[in-house]
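Sequence plus the predicted model coming up.
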Amino acid sequence: MKEELKNIKEKILEEIKKVQLPEEIKDLEKKYLGRKGEFTNLVKKIKDLTDEQKPIIGKLANDLKIELEETFSNLQKEIKTGVDDLKSRFTIDPTLQSSKKEVGHLHPNTIIQNEVVDIFYSMGFMILDGPELESEYYNFEALNIPTTHPAREMHDTYFVKTDKDFKKSEKMVLRTHTSSMQVRALEEFGAPIRAIFPGKCFRNEATDAAHDNTFYQLEGLMVDRNISIANLVSVMNTLLTQIFKKEVKTRLRPGYFPFVEPGFELDVNCLICGGKGCSVCGDGWVELIPCGLVHPRVIENGGLDPQEYSGFAFGMGLTRLVMMKYGIEDIRLLQSGDLRFTRQF
Ligand code: PHE
């Protein structure tokens, strides 16, 4: 009997080695330990043994039963986790084609801004960033536009409500132009200075194909001893020749801005018709860059002596330049967030 128990144990362990699936374990368990199982049948024979042998063999059989039950249940667990592991490994199918990842790219505003920035950088200009939420002082007063000045009406301004406890007593605005950086830059860096300030501006405009309430300008400022209109014209011509990648003709017309004196509108000879006159330009000239020599009062507000220093400033409509370069007919497309539009650049 002892021998028989030993044999059946070996047989079971041998069979267990071949098992692969949890179901097979169950079948095997049933085959041996089930009600009519081989092991159960063997145990039934214990009752026929001698009284001396019964307790000894009985204990052996009982121990073996517990051992086998444990082996089966452990095996069950092991195989189950193994199979789960295998299953999860196969939920990733490496033969499937992966979904295409979209690669982003720069917005046309940024592309053109980067180009212009590079040109000025090569001429020794600093690139400065400034606040979009600006004090009335830097946006208007410092630029020789006092509260009652009619020039304020040219700027449909977004005024921002400020808290009573706000440190500055003055009102804040969304900057209406990048000229707000002129006095900030002079205060910070003094003279000589060559700097450009690209950035977002805001005006409370009724929008149409040519106007938006948010747009980009690129302001430039050069202050030093003996700066004249000749310097302004030379820098503007260098800029435009490089942007349009051909020699362009320019002209200055008088223009009024309280922070420059004299002030100009710089026009470019139309690149579409070559200056003969067409539906885009009318008379052969396109108005592109308002500019002028920095007003002595602005120099003074920047902490410098206007007797000693002079300079020029210009405020290029970056958004307009983007539209001209790419032939975009409606300014609103640029900020529409419509991917069908943006994907074209
Ligand atoms: N800031 C002016 C505007 O937005 C443009 C400008 C800039 C004019 C610098 C002259 C000099 O209309």
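Everything's here; your move. Residues are numbered from 1 along each chain as shown.

okay, now the closest residue to the ligand within the stretch 201-345 of the chain: neighbour count?
As assessed by Cβ to the nearest ligand atom, the ligand sits closest to Gly315 within the stretch 201-345 of the chain, at 2.5 Å. Bear in mind the C-beta positions are built from the backbone N, C-alpha and C, glycine included. Neighbour count of Gly315, defined by other Cβ atoms under 10 Å: 23.

give the contact list for it.
177-179, 217-220, 289-291 (Cβ atoms under 8 Å, 6 or more residues apart in numbering).

List the ones among those residues that fall in strands.
Under the assignment DSSP state E, those contribute 217-220, 289-291 to strands.

What about the ligand: which of the residues you listed touch it?
219, 290-291 (Cβ under 6 Å from any ligand atom).

I'd like to know how far the residue of the stretch 1-150 of the chain found nearest the ligand sits from Glu205.
Of all residues in the stretch 1-150 of the chain, the one sitting closest to the ligand is Leu143 (8.1 Å; Cβ to the nearest ligand atom). Per Cβ to Cβ, to the nearest Å, Leu143 is found 20 Å from Glu205.

Equivalent analysis for Lys161, please.
20 Å.

So if I had to pick from these two, which one is more boxed in?
Glu205 (13 against 7).

Please list the residues of the protein that sit near the ligand.
So the chain meets the ligand at 177, 179, 219, 257, 260, 263, 290-292, 313-315 (Cβ under 6 Å from any ligand atom).

hey, which helix is longest across this protein?
Determined from DSSP state H, the single longest helix within the chain is helix 53-91.

How about it, which residues are buried there?
Of all the residues in helix 53-91, those buried under the rule 16 or more other Cβ atoms under 10 Å are 57, 61, 64-65, 68, 71-72, 75, 79.

Same question for stretch 212-225.
Those would be 212-223, for stretch 212-225 by 16+ other Cβ under 10 Å.

just to revisit the earlier point, can you add pLDDT and give the residues of the chain next to the ligand back as JSON lines?
Output for these, formatted as JSON lines (pLDDT from 0 to 100):
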{"residue": "His177", "pLDDT": "97"}
{"residue": "Ser179", "pLDDT": "98"}
{"residue": "Glu219", "pLDDT": "97"}
{"residue": "Phe257", "pLDDT": "95"}
{"residue": "Val260", "pLDDT": "98"}
{"residue": "Gly263", "pLDDT": "98"}
{"residue": "Pro290", "pLDDT": "97"}
{"residue": "Cys291", "pLDDT": "98"}
{"residue": "Gly292", "pLDDT": "98"}
{"residue": "Ala313", "pLDDT": "98"}
{"residue": "Phe314", "pLDDT": "98"}
{"residue": "Gly315", "pLDDT": "97"}
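
Now flag whichever of the ones next to the ligand among the ones in strands among the contacts of Gly315 is closest to Glu188.
Nearest to Glu188 out of those is Glu219 (Cβ to Cβ; 14.8 Å).

residues contacting the closest one?
By Cβ under 8 Å, 6+ apart, the neighbours of Glu219 are 177-179, 181-182, 196-198, 313-316.

now the stretch 201-345 of the chain, which segments are flagged as low pLDDT?
280 (pLDDT under 70).

Okay, helices next: where are they in the chain?
2-18, 22-33, 38-44, 53-91, 108-122, 136-139, 181-189, 229-244, 296-301, 318-326, 339-342.

and of these, who's closest to Cys278?
helix 318-326 (13.4 Å).

how about the CA coordinates for the closest one, as PDB?
Extracted C-alpha coordinates of helix 318-326, given in PDB (Å, rounded to 0.1, in the frame of the first residue of the first chain):
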ATOM      1  CA  LEU A 318       3.400  92.500 -39.400                       C
ATOM      2  CA  THR A 319       0.000  91.000 -40.100                       C
ATOM      3  CA  ARG A 320      -0.300  93.100 -43.200                       C
ATOM      4  CA  LEU A 321       3.100  92.000 -44.400                       C
ATOM      5  CA  VAL A 322       2.100  88.300 -43.900                       C
ATOM      6  CA  MET A 323      -1.000  88.900 -46.000                       C
ATOM      7  CA  MET A 324       1.000  90.600 -48.700                       C
ATOM      8  CA  LYS A 325       3.700  87.900 -48.800                       C
ATOM      9  CA  TYR A 326       1.200  85.000 -49.000                       C
END
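
What residues of it count as buried?
318-324.

again, but for stretch 329-336
331-335.

repeat for stretch 1-19
In stretch 1-19, the ones that count as buried by 16+ other Cβ under 10 Å are 5, 8-9, 12, 16, 19.

And the contacts of it?
25, 28, 32, 38-39, 42, 45-46, 49, 53, 57, 60-61, 64, 68, 71, 75, 79.

who's in contact with the residue nearest in space to the middle of the chain?
The C-alpha lying nearest the average C-alpha coordinate of the chain belongs to Gly104 (Cα atoms, centre = their mean; 9.4 Å). Listed by Cβ under 8 Å, 6+ apart, Gly104 has no contact partners.

do Phe39 as well
Contacts for Phe39 (Cβ under 8 Å, 6+ apart) come out as 8, 12, 32-33, 64-65, 68.

Dump these into CSV; add distance to Lys246 as well.
What follows is these, written out as CSV (distance: Cβ to Cβ, whole Å):
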residue, distance to Lys246
Ile8, 99
Ile12, 93
Tyr32, 94
Leu33, 94
Leu64, 99
Lys65, 98
Leu68, 93
